[in-house]
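Participant: Structure, please.
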Amino acid sequence: REIAVGHDFRSYSASIKLALVTGLMAAGCKVHDIGLAITPMAYFAQFELDVPAVAMVTASHNENGWTGVKMGCDRPLTFGPEEMTRLKEIVLSGRFDLSGGGSYVFHANFPDRYVADLTTRPKLDRPLKVVAACGNGTAGAFAERILAAIGVDVVPLDTTLDWTFPRYNPNPEDLAMLHAIRDEVLKTGADVGLGFDGDGDRCGVIDDLGEEIFADKVGVMLARDLARVHDKPTFVVDVKSTGLYHSDPVLQSLGVTTDYWKTGHSYIKRRVHELGALAGFEKSGHYFFNAPIGRGYDDGFVSAIAVIDMLARNPGKKMSDLRQALPKTWSSPTMSPHCGDEVKYGVVDKVIARLLAMKESGEPLDGHAIVEVNTVNGIRVTTADGTWGLIRASSNKPELVVVIESPVSEARYRAMFHAMDAVLRENPEVGAYNQTI
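Facilitator: Purely as a prediction, here's the structure:
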């Protein structure tokens, strides 16, 4: 019973980790402590130290006051909702054996081994200036060193570790961080801006014009690039992601297979592992690369290097050129109408039945035939012109989740939203949206 543990740079993380270590030793475990770390460094430790289990104390990108433990025992996978529920039941019921007899080893300078693993490779043959933004989170301890080692001209931004987060929270989905990266890219003339979240397992992307590229669109760009290097690869994406993974003519011509799967990083990671896919892309920015690129777990620096390598393989093009080469789509943010926890799954079941009946009977949705439905996570309905809408239950709030995208026009995208919303409104339990288009 051996386990790797690490902690992020919060004022309280080290003390929480020591309490965790004490409990693990009391239960008879041999604990391998790697010290201050980003989450993917702890995942790497499972492989590097040949240890089956991991427990990483981190608040990720959340505000101060939050914390948690990312854990797993079947590398490279992490516990999902089912395993966490079982663990909760064991803890609350006291069904554990404090047999004692555990042991402890501290692995000094372990980050050096992680950095070497990422950077023992040929240097870039294209000069690239890259803004590396860390929001004063734990990734700041390693970002400049890693990227410089592969030959990047690094512009560090908020890389000094400071658990008060004086400028903004280290979350590459937050506008404050994205705007700071944009401003630095434009000021320095950088080729790309990369933003790392608090525990280093996600990477956000700003192009050379200062435009944010949503994580699912970055995934399409990476899929295009990787499909030219790896023959007819398979990718896994979550059901909230752009329809371009299926409709993009470049991906079609390269023989790419895409599997749309349940939203949630533990689900996508497991699906990538099961299918032996080259990579998985989640709209939240968690990317999972299998060999030869990665080991199947989410690592913001592996993602960053993949983006940098994509630029290096396209020497005549800027990041904005690669973005603008994608087919245009109109897509919504995640919209969440209120729906009580005790009724939301029943409402989704009724919506699924209603939309499946429409497809079966040939009834159009906003005048367009339903050509495809995906029910792995709620229901995603695609019409003949490629426009799609998703309705699912939120995993952690009394809400539903609605996402719309159209490759046709803004008017068509808005019409699809109203058509999907009309189906939702057949259920009086559905309340007001947090935001709409």
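
Participant: Can you read off the backbone torsions of the residue nearest the centre of the chain?
Facilitator: When the chain is reduced to its mean C-alpha position, the nearest residue by Cα atoms, centre = their mean turns out to be residue 286, at 1.7 Å. In this entry, residue 286 is assigned phi and psi values of phi -80, psi 120 (degrees, to the nearest 10).

Participant: and if you look at residue 150?
Facilitator: Backbone torsions for residue 150, taken as degrees, to the nearest 10, come to phi -100, psi 0.

Participant: picking up where we left off before, separation between the residue nearest to the centre of the chain and residue 316?
Facilitator: 31 Å (Cβ to Cβ, to the nearest Å). C-betas here are computed from N, CA, C, even on glycine.

Participant: Which secondary structure elements does the longest helix anywhere in the chain sit against?
Facilitator: Residue-count comparison of every helix in the chain, with assignments taken from DSSP state H, identifies helix 344-361 as the longest. When contacts are defined as 3 or more Cβ pairs under 8 Å, 6 or more residues apart in numbering; DSSP states H and E, helix 344-361 packs onto strand 370-374, strand 379-383, strand 388-393, strand 400-406, helix 410-424.

Participant: residues contacting the residue nearest to the centre of the chain?
Facilitator: Remark: with contacts taken as Cβ atoms under 8 Å, 6 or more residues apart in numbering, residue 286 is in contact with 201-202, 265, 268-269, 298.

Participant: Just list whatever residues bridge to it.
Facilitator: Beta bridges link residue 286 to residue 202, judged by DSSP bridges.

Participant: Quick check, pLDDT for it.
Facilitator: In the prediction, the pLDDT value recorded for residue 286 is 94.

Participant: from what I can see residue 374 touches residue 388, true?
Facilitator: No. Using Cβ atoms under 8 Å, residue 374 and residue 388 do not qualify as a contacting pair, with a distance of 9.0 Å.

Participant: Residue 267 falls within a strand, correct?
Facilitator: No. Secondary structure assignment places residue 267 outside any strand; it is helix (DSSP: H, G, I helix; E, B strand; the rest coil).

Participant: gap between stretch 311-321 and the chain center?
Facilitator: Relative to its chain's centre, stretch 311-321 lies at 24 Å (Cα atoms, centre = their mean, to the nearest Å).

Participant: Would you mind checking the average pLDDT for it?
Facilitator: 97.

Participant: tell me how far the ends of it are from each other?
Facilitator: With Cα to Cα, to the nearest Å as the measure, stretch 311-321 spans 10 Å from end to end.

Participant: any idea where the helices of this protein begin and end?
Facilitator: Counting by DSSP H, the segments of the chain that form helices are 13-26, 39-48, 81-93, 110-119, 143-149, 175-188, 215-227, 244-247, 249-253, 265-275, 300-312, 319-324, 344-361, 410-424.

Participant: Could you find the closest non-adjacent residue to residue 264?
Facilitator: What sits nearest to residue 264 in space, not counting adjacent residues and going by Cβ to Cβ, 6 or more residues apart in numbering, is residue 395, at 6.3 Å.

Participant: Also residue 206?
Facilitator: Ranked by Cβ to Cβ, 6+ apart and with sequence neighbours excluded, the top spatial neighbour of residue 206 is residue 193, at 3.6 Å.

Participant: Then residue 397?
Facilitator: Nearest in space to residue 397, with sequence neighbours left out and distances taken as Cβ to Cβ, 6+ apart, is residue 336 at 7.1 Å.

Participant: so who does residue 417 touch?
Facilitator: By Cβ under 8 Å, 6+ apart, the contact list for residue 417 reads 332, 389, 402, 404, 436-437.

Participant: would you turn the contacts of residue 286 into CSV with neighbour count, pLDDT and distance to residue 128?
Facilitator: Below are those laid out as CSV (neighbours: other Cβ atoms under 10 Å; pLDDT from 0 to 100; distance: Cβ to Cβ, whole Å):
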residue, neighbour count, pLDDT, distance to residue 128
201, 31, 96, 23
202, 29, 95, 21
265, 22, 87, 28
268, 27, 96, 28
269, 23, 95, 29
298, 29, 97, 23
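
Participant: what do residue 374 and residue 388 both touch?
Facilitator: Shared contacts of residue 374 and residue 388, defined by Cβ under 8 Å, 6+ apart, are found at 380, 382.
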